[in-house]
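**Q** Below is the structure, and that's it, no one-letter string:
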């Protein structure tokens, strides 16, 4: 069983219809993938609906996150509620390079708190760019201890050690393995945080899910730890989500 | 024939390193027949002895290794002299400059005399590319357009950005500069490599691991699992890099 915690579909810019990631999932033997757009709602009109349609079309294979620009305030909140309650999406994606919102800005924290009311995970793009650094995202994790914060790409090429530090400081921080080129970083993350805090993810279809699986297998984890990383952890996170309405 | 066109030799100031025996052992295990050795920056900061170490290893294993000469442009005239020594006395197959570790901008005027020396000897120039502020694609582009007769090799697929915002710029750089090729090591997004091969040119990409900074076995997977045909993969595995650096003694 493999669940890919971080993949993309979109109609604009980088054109990746759902069938692209599905083809790569089949090649890699992946059961389900979490999908999100490359652009923010509501700045990119219809982007949440595009995710919802893909999930509706392939409900056994695809799980949706809503990527939203927190700076859009009430409109952003309305869209997220709609995504969760009407479309059955399961999480929030934040990309500070796109929104220019710092992870610890009030608008971002408000958005995270809204997601937390659904127990929905919040996946940050977390790389080497300003506004996305692990120690910056960690400020959001500190401010919102009730939130499930996922560091997508676990800090990128140069900041994966900071991602592990953030995980050591804040128990609500999880790391996703996508796109970083270092199998040993995954091994180190499991060693320092435990396998429960690490999630397999590919960043597909741009990054090939098969290669990303190979990377995790190269980390030399036990079978138990691999199962946690490949599906149990994200499944446990998703099982907690309440899509029926705010609590 | 698999050639790893970027393998670091020596113990680096920055904490990574490997010996020639370790390199050969890994190559044998992974089925890599040849490698281009790149000197590390050692703890004493002196690159000259590292160039000699590379040359010695190439002399001992000329059927497996070729080697680059590395200099620090901030050494100015001494760097130019070292490039000359590297090509004439040490038999280096190319010049390696590292804007990230030596802290200069790839298109700085400091670099020009070194490129001119490479041009005089018809040797390629390998640049540790993709590093923000010192070797991003526009800086490689600026340098390459000033020396159109010199072959440049951009490491890391020309861009290191896990956000992907430099992918299109790197492609434009490659389209504009026929004298630039990219290494596969550490590249963000395999579909970028596939796009460059199929839409820009099959000769514009070659396999390099950047080992041990990157994991040699994992870097091979980028080519093994690429959605490319056997002919294209053959070029990436070794034909393209041999066209740039020359052939190993074992191939003739």
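**A** In hand now; what should we look at? What you see is a predicted model; the values in this text were computed from it and never measured.
**Q** who in chain A is up against chain B?
**A** Residues of chain A lying near chain B by CB under 8 Å from any CB of the partner chain: A:14, A:97, A:125, A:127-129, A:132, A:153, A:156-157, A:179-184, A:203, A:205-208, A:210-211, A:214-215, A:218. Yep, even glycine has a C-beta here, placed from its N, CA and C like the rest.
**Q** Show the buried residues in those.
**A** With burial judged by 16 or more other CB atoms under 10 Å in any protein chain shown, the buried subset of those is A:14, A:125, A:127-129, A:132, A:153, A:156-157, A:179-183, A:203, A:205-208, A:210-211, A:214-215, A:218.
**Q** Counting only helices, which of those make the cut?
**A** Per DSSP state H, helices hold the following members of these: A:183, A:210, A:211, A:214, A:215, A:218.
**Q** Could I get the contacting residues of the first one?
**A** What it means is residue A:183. Counting by CB atoms under 8 Å, 6 or more residues apart in numbering or on different chains, residue A:183 makes contact with A:215, A:216, A:218, A:219, B:215, B:218.
**Q** Check the gap between the nearest residue to it once chain neighbours are set aside and residue B:220 for me.
**A** Leaving aside its sequence neighbours, residue A:183 sits nearest to residue A:218 (CB to CB, 6 or more residues apart in numbering or on different chains; 3.9 Å). Separation of residue A:218 from residue B:220 (CB to CB, to the nearest Å): 11 Å.
**Q** same deal with residue A:168?
**A** Noted for residue A:168: a distance of 32 Å to residue B:220, by CB to CB.
**Q** more neighbours, those two?
**A** Neighbours were counted for residue A:168 and for residue B:220 using other CB atoms under 10 Å in any protein chain shown; residue B:220 has more, 20 against 13.
**Q** Next, the contact list for the spatially most central residue of chain A, please.
**A** For chain A, residue A:123 is the residue whose C-alpha lies nearest the centre (CA atoms, centre = their mean; 3.5 Å). If you count contacts by CB under 8 Å, 6+ apart, residue A:123 has them with A:5, A:6, A:34, A:36, A:65, A:91, A:92, A:93, A:94, A:150, A:152, A:176.
**Q** pretty sure the last one contacts residue A:201?
**A** In other words, residue A:176. Yes - the criterion here is CB atoms under 8 Å, and residue A:176 meets it with residue A:201 at 3.8 Å.
**Q** shared neighbours of those two, anything?
**A** In terms of CB under 8 Å, 6+ apart, residue A:176 and residue A:201 are both contacted by the residues A:5, A:6, A:152.
**Q** Among these, name the buried ones.
**A** Buried subset of the shared contacts of residue A:176 and residue A:201 (neighbour count, 16+ other CB under 10 Å): A:5, A:6, A:152.
**Q** For the first one, grab phi and psi.
**A** Here is the backbone geometry of residue A:5 (degrees, to the nearest 10): phi -80, psi 0.
**Q** Now it: closest residue in space, sequence neighbours ignored.
**A** residue A:201 (4.0 Å).
**Q** Can you classify the one you found as helix, strand or coil?
**A** Under DSSP: H, G, I helix; E, B strand; the rest coil, residue A:201 falls in the coil class.
**Q** contacting residues for it?
**A** A:4, A:5, A:6, A:7, A:34, A:152, A:176, A:177, A:178, A:212.
**Q** Within range of chain A, give me the residues from the stretch 101-250 of chain B.
**A** Close to chain A, as judged by CB under 8 Å from any CB, the stretch 101-250 of chain B has residues B:132, B:160-165, B:186, B:188-192, B:214-215, B:217-219, B:221-222, B:225-226.
**Q** Now go through those and say which are in helices.
**A** Counted as lying in helices by DSSP H, out of these, are B:190, B:191, B:192, B:217, B:218, B:219, B:221, B:222.
**Q** Distance-wise, check the first one relative to residue B:3.
**A** Read it as residue B:190. 20 Å.
**Q** again with the fifth one
**A** Residue B:218 sits at a distance of 18 Å from residue B:3 (criterion: CB to CB).
**Q** repeat for residue B:236
**A** Residue B:236 is 10 Å from residue B:3, where distance means CB to CB.
**Q** now residue B:222
**A** The value you get for residue B:222 to residue B:3, if CB to CB is used, is 15 Å.
**Q** In chain A, where is pLDDT below threshold?
**A** Scanning chain A for pLDDT under 70 picks out A:244-247.
**Q** Just to check, residue A:181 is in contact with residue B:186?
**A** Yes - between residue A:181 and residue B:186 there is a contact at 4.7 Å, judged by CB under 8 Å.
**Q** and for these two, which residues touch both?
**A** Shared contacts of residue A:181 and residue B:186, defined by CB under 8 Å, 6+ apart, comprise A:157, B:214, B:219.
**Q** longest single helix anywhere in chain B?
**A** The residue-count maximum for a helix in chain B (DSSP H) belongs to helix B:47-60.
**Q** now for that one, which elements pack on it?
**A** Applying 3 or more CB pairs under 8 Å, 6 or more residues apart in numbering or on different chains; DSSP states H and E, one finds that helix B:47-60 contacts strand B:3-11, strand B:34-39, strand B:65-70, helix B:77-88.
**Q** Relative to the whole chain's centre, how far out is the last one?
**A** To tie it back to what came earlier, the one meant is helix B:77-88. From the chain centre to the centre of helix B:77-88 is a distance of 18 Å (CA atoms, centre = their mean, to the nearest Å).
**Q** With stretch A:26-43 instead?
**A** So, by CA atoms, centre = their mean, the centroid of stretch A:26-43 is 9 Å from its chain's centroid.
**Q** Stretch A:221-238 too?
**A** Remark: stretch A:221-238 is offset 15 Å from the chain centroid, using CA atoms, centre = their mean.
**Q** End to end on it, go ahead and measure it.
**A** End-to-end distance for stretch A:221-238: 23 Å, by CA to CA, to the nearest Å.
**Q** Going by neighbour count, list what's buried in it.
**A** Neighbour counts over stretch A:221-238 (16+ other CB under 10 Å) mark A:221, A:225, A:226, A:228, A:229, A:230, A:231, A:232, A:233, A:234, A:237, A:238 as buried.
**Q** would you list these in CSV and tack on secondary structure?
**A** Listed next are these as CSV, based on three-state DSSP:
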residue, secondary structure
A:221, coil
A:225, helix
A:226, helix
A:228, helix
A:229, helix
A:230, helix
A:231, helix
A:232, helix
A:233, helix
A:234, helix
A:237, helix
A:238, helix
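**Q** Closest one to residue A:86 out of those, please.
**A** residue A:238 (18.2 Å; CB to CB).
**Q** Would you state the strands of chain A in chain order?
**A** Applying DSSP state E to chain A gives strands spanning A:3-8, A:32-36, A:62-67, A:91-94, A:122-125, A:149-152, A:173-176, A:198-199.
**Q** Partner strands of the last one, with direction?
**A** Sheet pairing for strand A:198-199, assigned by DSSP bridges, gives strand A:173-176 (parallel).
**Q** Touching the strand it pairs with from outside, list them.
**A** Where contact means CB under 8 Å, 6+ apart, the residues beyond strand A:173-176 that reach it are A:5-6, A:121, A:123, A:137-138, A:141, A:148-155, A:163-164, A:166-167, A:189, A:193, A:197-201, A:233, A:237.
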